[in-house]
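> All I have is the shape, not the residue letters:
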């Protein structure tokens, strides 16, 4: 009897620890790894997975106890829908075009099947351990409290407080979630959760005031994100809430609210061109709802590319390209209109619409499973009894608002945790869910075998946490130390840290770290004289080897091929006969085979040919890029410069001028144009260029000295003297040369 009692006490302790773990998970939305890449997503998932992995072991041990039936999750349509969707996630991951990425996800989003399994485990433990209404109310209150902390962190981003990440008068706040749209989704869940609790019979009078305060705070946060789709979801959700409430008074208020919204939108749209609207960043954004708005266009282009990819074959229609792999159909069917110039957003790793995302990446199999999850939610809510009617219409409004929001964005860890916690409460309130406490069984357990199993499981999970959570975190941290070192110009330290990060070549985030290193070394190699630095040349060689690994591991991905091409272009820049130029052509042409409409790939092919002094081929590919998107006038700049480098100055200048490309705000481009105008003796243009350069870099003595020479060439002697004196003033080393120049142009002698 004492042995049974001992086991019971031990199991009771495990149950307490598991409940405590659930409350700890509720704090995950506040986790920020500020010293890491993807600071708002990486840390959340790493911490979440580690906690769930430990909880899974404890839960398994609990299920091996004499009280196992007490801790089994009750069956429900929601639970089965969750399991079915996770299974579809797994099947489509195994049939994926890139199984590795589907399984592990990416550094930026930290998704993938491996992580999603943890959400299912969390849900199972949640509904198994919380079988008392008080537990759920306590979790909801904690969730709402955490959302308020996240909201206030977002409000602080409109200040200049240095300890707040993202501060500095930010126009679109993102709280502790790291992205305004994702933050808005997290706030929507909590806004409607607090509103549901406010109208619910379980709420005490004092608590009602707090719930309403949370609703106001989270709603304000939604508006301060500036995300139009999320505000639309909030409005629709409130309308649904009001009409389903059954209260005539609330329905009348809802109608008045909708009339007010309609009048506000109409008025705002009609005033969109006025200074009153333009001078307010929020009014200006909410008034900009035209289909021609660039953000709206990019979304529709991305959706179009994804749907074109989904139609590629019977396989893609059935099981998609694999979770986390939206970048593949996006690149295969790239819309050239995305590319406007350097800095353009030309890579969508997500569809920014969860329904299209799931359809394209998981096919009809995943899409139907995803829709079934919402069907199960609504079916469950419909079954709620009169005593839980307030929860029913509140959660219906919450789910619809979240679905509208998700039609313009995607889910990440904080949103999943909050939403699945609410869905867990729905599972609990389902009248068909068995809430009866199961009597403790009297069957004896082998304490010894259970202890051995506990040791094995704990050792196994420790190894798992080290391999899939701690090692990636160490690699991530090393990469950020490299980035910090590069900011201070310490190349030796940056390369050393990158080398350390790259040594973790078995971690899931290796792909991104290699690309980060390649980008760093490409940017560094563009500086004057860098290709004579043996340290940089060695780093370029290392970069080629590392990016080649990405090419080998992901043969259908055009991005590593473009990085590889650029690195070879850097290595072959000084020698037309270098094998690196041939390898650059090969890599960039392979990228074009994968994505024939990707404008930037044509630039790499062209530059590789220019390195080989094959000007005709270079001009051909620049012309093709311009043909793909005539609005991308940067292509005209490259094409014009290709003709000018060949000696066809007038033709090159004509192409640039006719395109309307504005090169006058770029220091690098202005310097490229100087030689062209000098070659055709157009010193008036040379003067204009150096005047622009002086405005850009007023403390650069060389620009003042060069402007002085240009002024002298067109007879503006007084201006030439003034500029020469300014050069000497900025740098005394120019004094003697400036005086000699002044004497020469003014006719003075010693």
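Good, I have the coordinates. This is a predicted model, so every value here is computed, not measured.

> In contact with residue 268, which residues?
Counting by Cβ atoms under 8 Å, 6 or more residues apart in numbering, residue 268 touches 277, 283, 286, 287. In this view, the C-beta of every residue, glycine as well, is placed from N, C-alpha and C.

> wait, doesn't the first one sit right on residue 287?
Yes - in terms of Cβ atoms under 8 Å, residue 277 counts as a neighbour of residue 287; the distance is 5.3 Å.

> Now list whatever residues contact both of the two.
Listed as contacting both residue 277 and residue 287 by Cβ under 8 Å, 6+ apart are 268, 271.

> Next, residue 577: secondary structure please.
Secondary structure assignment for residue 577 (DSSP: H, G, I helix; E, B strand; the rest coil): coil.

> start at 420 instead
New numbering, starting at 420: the last item is residue 996.

> per-domain residue ranges of this structure.
If you go by automatic domain parsing, the domain ranges for the chain are 973-1080, 1089-1169.

> What mean pLDDT does the longest one get?
Read it as domain 973-1080. Regarding domain 973-1080, the rounded mean pLDDT is 93.

> Residue 778: which element?
Under the assignment given by DSSP states H and E, the secondary-structure element containing residue 778 is helix 773-801.

> list the buried ones in that helix?
Buried residues in helix 773-801, counting neighbours by 16 or more other Cβ atoms under 10 Å, are found at 773-782, 784-789, 791-792, 795-796, 799-800.

> Pipe the contacts of residue 687 into TSV and attach pLDDT per row.
As requested, these are exported to TSV (pLDDT from 0 to 100):
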residue	pLDDT
696	77
702	80
705	82
706	79
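
> want to throw those into CSV with distance to residue 892?
As requested, the contacts of residue 687 are exported to CSV (distance: Cβ to Cβ, whole Å):
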residue, distance to residue 892
696, 46
702, 42
705, 40
706, 44
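
> hmm, back to that, nearest to residue 879, out of the domains of the chain?
Residue 879 lies closest to domain 973-1080 among those, at 30.1 Å (Cβ to Cβ).

> ok, residues contacting the helix or strand harbouring residue 968?
Counting by DSSP H and E, the secondary-structure element that holds residue 968 is helix 953-972. The list of residues contacting helix 953-972 from outside it, by Cβ under 8 Å, 6+ apart, reads 519, 910-911, 914, 918, 921, 924, 929-930, 933-934, 936-937, 940-941, 943-944, 949-950, 976, 979-980, 982-983, 986-987, 989-990, 1006.

> after that helix comes which helix or strand?
Trace forward from helix 953-972 with DSSP H and E and the next one is helix 977-991.

> Which elements pack onto the very next helix or strand once past that following helix?
Read in the C-terminal direction, the helix or strand following helix 977-991 is helix 998-1013, with elements assigned using DSSP H and E. Helix 998-1013 sits against helix 977-991, helix 1018-1030, with contacts defined as 3 or more Cβ pairs under 8 Å, 6 or more residues apart in numbering; DSSP states H and E.

> TSV for these, including mean neighbour count and distance to residue 759?
Written out in TSV, the entries for the helices and strands packed on helix 998-1013 read as follows (neighbours: other Cβ atoms under 10 Å; distance: least, Cβ to Cβ, whole Å):
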stretch	mean neighbour count	distance to residue 759
helix 977-991	25	18
helix 1018-1030	25	9
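
> Let's have those helices in a markdown table, adding distance to residue 1137.
As requested, these are exported to a markdown table (distance: least, Cβ to Cβ, whole Å):
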| stretch | distance to residue 1137 |
| --- | --- |
| helix 977-991 | 45 |
| helix 1018-1030 | 42 |
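
> right, and the ones you listed - which one's nearest residue 719?
Proximity to residue 719 (Cβ to Cβ) singles out helix 1018-1030 among the helices and strands packed on helix 998-1013, at 18.5 Å.

> Give me the angle between that closest one and helix 998-1013.
Compare the direction of helix 1018-1030 with that of helix 998-1013 by axes from the mean of the first three to the mean of the last three Cα atoms, to 10 degrees and you get 150 degrees.

> Can you report phi and psi for the spatially most central residue of the chain?
Relative to the mean C-alpha position of the chain, the nearest C-alpha, by Cα atoms, centre = their mean, is the one of residue 527, at 5.5 Å. Dihedral angles phi and psi of residue 527 (degrees, to the nearest 10) take the values phi -60, psi -40.

> Same check on residue 1100?
In terms of degrees, to the nearest 10, the main-chain angles of residue 1100 are phi 60, psi 30.
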